[in-house]
Every structure is written in C-alpha cells, then in structure tokens.
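J.: starting from these lines, generate the structure:
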Amino acid sequence: MGERLEIGLVSEVKVVLAMNEKSAGFGLPALDGRPDYSRGFVSDSPNFRRWCGDLYSHYWAGAEKIYPL
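T.: Numbering: from 1, shown residues only. Coordinates of the predicted model:
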C-alpha cells in the first residue's frame with residue numbers, strides 16, 4: 001500500500017537493475033546478450049545503492065515514460 005510504480009521504456013539496456021528503499025541489484029547480460037536474472041550483485045550498502053541510483057537516473061532520463069493502465 002502506498003507504493004508508486006513508474007515504468008519507462010529504453011530502446012536498449014545492457015544491464016539488469018532492481019532497486020527498492022533498502023537494497024539494490026545489478027546484473028550484466030548473458031553471453032548471448034539477453035538479460036541474465038540468475039547472476040549479479042545485490043547489496044544494501046548505501047554506496048552501492050547510490051551507484052545503482054545514478055545508473056538508473058542515467059537510463060530514466062532518456063526513457064519513454066509509460067504509465068500503468
């Protein structure tokens with residue numbers, strides 16, 4: 001409850017990135033270029049979350065914004 005969902009589309013992304021208020025996760029693509037959700041880095045470190053947040057902001061700035069139906 002009280003959660004806000006924002007969705008944006010980027011034509012090409014070479015990373016997997018997930019964040020919430022407490023932790024962040026980052027992953028690189030598999031050898032075939034597809035997103036690999038099975039491997040990556042996850043941390044609740046403030047520095048890691050800040051780095052992921054900066055990366056997110058970079059992609060979000062250029063994303064076409066799509067809102068929930």
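
J.: the strands in the protein, which residues?
T.: Taking DSSP state E as the test, the strands found in the chain are 7-9, 16-19, 24-27, 41-43, 64-66.

J.: where does pLDDT dip in this structure?
T.: 1-3, 67-69 (pLDDT under 70).

J.: switch to 90 and redo it
T.: Applying pLDDT under 90 to the chain flags the ranges 1-16, 29, 33-39, 59-60, 62-69.

J.: what residue is smack in the middle of it?
T.: Geometric centre of the chain, nearest residue: residue 17, 2.5 Å, by CA atoms, centre = their mean.

J.: residues in contact with that residue?
T.: 24-27, 52, 55-56, 59 (CB atoms under 8 Å, 6 or more residues apart in numbering). Quick note: C-beta positions are derived from backbone N, CA and C, even for glycine.

J.: same thing but 6 Å
T.: With contacts defined as CB atoms under 6 Å, 6 or more residues apart in numbering, residue 17 is in contact with 26, 56.

J.: which strand residues bridge it?
T.: Here residue 17 sits in beta bridges with residue 26, going by DSSP bridges.

J.: list of residues touching stretch 38-58?
T.: 17, 19, 22-27.

J.: show the buried residues in those residues.
T.: Burial by neighbour count, 16 or more other CB atoms under 10 Å: within the contacts of stretch 38-58 this picks out 17, 24-27.

J.: any idea how far the residue nearest to the centre of the chain is from residue 53?
T.: 10 Å (CB to CB, to the nearest Å).

J.: residue contacts, the closest residue to residue 30 other than its chain neighbours?
T.: Using CB to CB, 6 or more residues apart in numbering and skipping residues adjacent in sequence, the residue nearest residue 30 is residue 36, 4.0 Å away. The contact partners of residue 36, by CB under 6 Å, 6+ apart, come to 27, 29-30.

J.: how does it look with 7 Å?
T.: 16, 27-30 (CB atoms under 7 Å, 6 or more residues apart in numbering).

J.: check residue 65 too.
T.: Here residue 65 is in contact with residue 8 (CB under 7 Å, 6+ apart).
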